[in-house]
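Engineer: I'd like to go over a predicted model; first the sequence, then the structure.
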Amino acid sequence: MKNTIIVALISTVTLAANCANARETVISTTIGTGVNYSDRSFDDETVDLPPLPDDAVTPTNMPQNQPPVGMDSNMGMDVPQDDERGEFIISPTITLFTKSSSDSAILSYTPSINYDFIESDASDINHKARVGYQKELTDTWDLKIYDLFKNTDEYESNRPQKNSSENDFVDELIASIPAMNDRLRDDFGRRRYSRNELTTSTGFTYAEDNRISLGYGWDHLEYDEEESDNGRYQNYDKYKVNLAVSHELTSLWTVKGYTQYLRGSYDTEDASDDDLNEFHLGGILETDVIQSHPMSLSYDFSLTNYDDETADENQIHKLTLGYQPISSPAFDVRLGAGPTYTKLSDSEDSWDFNGYLNVLYGIGPGSFRFTSDVGTIFDNFSGTKDRGLTDYWQSRAEYSYPVNDSWKISLYGGYRDETRDEINTDSEVDVTQLFAGGGLQYSINESYDVGLNYDYTVQDSDSPEDSYDENRVLLFLSYRTDLFSW
């Protein structure tokens, strides 16, 4: 199915490129090579089991209060093993970008050949492909399509993400809809998976600065068979329909609203117990009454309805007052706060707090960025069997400084604290994660870059098998050039 989608999108891009006039086209390549070392060590703490009955039959060589090696004490699932990798990587990328006065398109493919010189059986090839297309159908009506596919076994990274041209192919209003957490967890160890994320949207501008957009998205996650068999990771399909609008009331007042329906379908023996519906609705009122100090008031409502009749129906109501006390190119501060009300059907409700703080500060040619937010979200698409509400608090700081035209230094660090209310086990799990890292990059010329990155992560969880510390080192050399242009 996912291959059919990608072929269809490639055909769309090719057709558009052949039909349009006055078109500029560039074919470029980037070749990266380097050494990637990673070492993740899981907590060795032994998990105690409840005492067995006196008449229970157990093997004579197995302590009654200790699970067999490789098995979790409660779930009967594989316990993650320490993972040390040393990979020599060759990663070429070929990109076609074409544009005219009314449309643009991009097609990119990256195979990554990884040879593991520590564990040769772990050597493999990762794949990443993306297709994007946007078209101005009329002066007020446009169409955008973007598809990202990847097949990999890499751990999730906390490194700062580079700006990507993919933003040009995703509707701005649709992208601004508050998102629930859809970052895949890798707490239980390395896993190979394929993921295809498709986003389509069409937007209509009905007056200056007034717009309405309709979007559809499909997210398909599929683990390799041996990965899904460990009992922790789980395949899913996520379908969502979005509607968003932005309307300027006056030159000083703007109102925005959105609604989203989401259907989650999980690959299990009894899918009816795991599938779910999510509904999201919200709006924001923005004003520039105080010049250079914008203010906003937003309300967001979220509801999850599980097909499993024994699971609670979750509701989240969030009200946030936002303010920008400092606004300048060199120093920008934005903050907001408000109450959060959470309701579980046939269960108690609760009040909590939500808020955010964003700071951007220019230090000479360098820049410092700090973000912090706290709130409650649905966490139904982590790629695991865990689903439910998550209360979180997270902070992150990033600093980058160009020493000169050739050298650049970057540093980052952060902290995240979560309390996961997991409906499948009817339990709460506290997880904290601390991470830090940095990089040094040297630009030899416009085409060649060489760099060194280091990352450290430590995670602590109520479940000892989910606790680990990890070190990563990446030494790389990259080369970029335009092959053809016309």
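Structural biologist: That came in fine, so what should we check first?
Engineer: for R85, pull up the helix or strand it's in.
Structural biologist: Using DSSP states H and E, R85 sits in strand 83-99.
Engineer: what packs against that strand?
Structural biologist: Here strand 83-99 touches helix 2-19, strand 24-42, strand 103-116, going by 3 or more Cβ pairs under 8 Å, 6 or more residues apart in numbering; DSSP states H and E. C-betas here are computed from N, CA, C, even on glycine.
Engineer: what about the very next helix or strand once past the shortest one, distance to the chain center?
Structural biologist: I take that to be strand 103-116. Downstream of strand 103-116, the first helix or strand assigned by DSSP H and E is strand 124-136. What separates the centre of strand 124-136 from the centre of its chain is 17 Å, taken as Cα atoms, centre = their mean, to the nearest Å.
Engineer: buried residues, strand 124-136. List them.
Structural biologist: For strand 124-136, burial by neighbour count (16 or more other Cβ atoms under 10 Å) applies to 126, 128-135.
Engineer: what of stretch 22-33?
Structural biologist: Neighbour-count burial for stretch 22-33 flags 23, 28, 30, 32 (criterion: 16+ other Cβ under 10 Å).
Engineer: hang on, the second one packs against D482?
Structural biologist: Going back to what we said before, that points to S28. Yes. Shown here, S28 and D482 form a contact pair, counting by Cβ atoms under 8 Å, at 4.7 Å.
Engineer: quick one: the residue nearest the centre of the chain and E156, what's the gap?
Structural biologist: The centroid of the chain falls nearest to R183 when counting by Cα atoms, centre = their mean (4.0 Å). To E156, R183 is 6 Å away according to Cβ to Cβ, to the nearest Å.
Engineer: low-confidence ranges in the stretch 201-350 of the chain?
Structural biologist: Applying pLDDT under 70 to the stretch 201-350 of the chain flags residues 226-231, 269-273, 346.
Engineer: just the strands from it, written as ranges.
Structural biologist: With DSSP state E, counting those that start in this stretch as the criterion, the stretch 201-350 of the chain has strands at 210-223, 236-248, 253-266, 276-287, 295-306, 314-327, 331-344, 349-363.
Engineer: of these, give the one that comes closest to P464.
Structural biologist: Closest to P464 of those is strand 210-223 (Cβ to Cβ; 23.6 Å).
Engineer: buried ones in that closest one?
Structural biologist: Buried-residue list, strand 210-223, by 16+ other Cβ under 10 Å: 211-215, 217-223.
Engineer: make CSV out of those and add distance to D171.
Structural biologist: Shown next, in CSV, are those (distance: Cβ to Cβ, whole Å):
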residue, distance to D171
R211, 9
I212, 10
S213, 5
L214, 9
G215, 6
G217, 11
W218, 15
D219, 16
H220, 21
L221, 23
E222, 27
Y223, 30
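Engineer: still on that earlier bit, quick check, the residue nearest to the centre of the chain in a strand?
Structural biologist: No. Counting by DSSP: H, G, I helix; E, B strand; the rest coil, R183 is not found in a strand; it is coil.
Engineer: what sits against it?
Structural biologist: With contact set as Cβ atoms under 8 Å, 6 or more residues apart in numbering, R183 has these partners: 156, 382.
Engineer: also Y399?
Structural biologist: Y399 sits next to 363, 366-369, 410-412 when contact means Cβ under 8 Å, 6+ apart.
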